[in-house]
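A.B. asks: Make a model of this:
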Amino acid sequence: QLQVAESGGGSVLSGGSLRLSCTASGGTLDDYAIGWFRQAPGKERDGVGCLFPRDGGTGLSHFAKGRFTISKDKTQNVVYLEMNSLKPEDTAVYFCAAGSSCNYLAMAYWGEGTLVTVSL
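C.D. replies: Coordinates of the predicted model:
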């Protein structure tokens, strides 16, 4: 069974950058849509973006456009979320998930999340 795990979170100053990794085991990420989500304290989980299966195209939420990028390293079976120009409001636990489509309800495999803290 596919398992995914996030890594790369940490603390960064406003304007800084982080690269999160979503590493898969038990299967290949090529077969799945890979979504990135985040949940800030006291708030609901939001979609950040998604990498579509097969064609490798990506989609990003409005707050991520121009600052975040999703990419995949097929050889390492890893999907990355590159985050630049980080703001304090980006502080959240970031999750990756794999599923049959980029629809939230289709995400079947979830990681445990990695914390990103952005301070002034």
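A.B. asks: Got the confidence number for residue 93?
C.D. replies: We have a pLDDT of 98 for residue 93.
A.B. asks: Now it. Nearest residue, chain neighbours left out?
C.D. replies: residue 113 (4.1 Å; Cβ to Cβ, 6 or more residues apart in numbering). C-beta: built from backbone N, CA, C; applies to glycine.
A.B. asks: Spit out the contact partners of the one you found.
C.D. replies: Residue 113 sits next to 6, 39, 93, 94, 95 when contact means Cβ atoms under 8 Å, 6 or more residues apart in numbering.
A.B. asks: Give me the residue at the spatial middle of this structure.
C.D. replies: residue 36 (2.9 Å; Cα atoms, centre = their mean).
A.B. asks: Find the nearest non-adjacent residue to it, please.
C.D. replies: residue 48 (4.1 Å).
A.B. asks: Neighbours of residue 107, how many?
C.D. replies: 23 (other Cβ atoms under 10 Å).
A.B. asks: That one reaches residue 98, doesn't it?
C.D. replies: Yes - assessed by Cβ atoms under 8 Å, residue 107 is found in contact with residue 98 at 6.8 Å.
A.B. asks: Where do the strands of the protein begin and end?
C.D. replies: Ranges of strands in the chain, per DSSP state E, are 3-7, 10-13, 18-25, 33-39, 45-51, 58-60, 68-73, 78-83, 92-99, 107-110, 114-119.
A.B. asks: Report pLDDT for the closest residue to residue 114 other than its chain neighbours.
C.D. replies: Residue nearest to residue 114 in three dimensions, not counting chain neighbours: residue 9, with 3.3 Å by Cβ to Cβ, 6+ apart. We note a pLDDT of 98 for residue 9 in this prediction.
A.B. asks: My guess is residue 9 contacts residue 21. True?
C.D. replies: No - judged on Cβ under 8 Å, residue 9 makes no contact with residue 21 at a distance of 9.8 Å.
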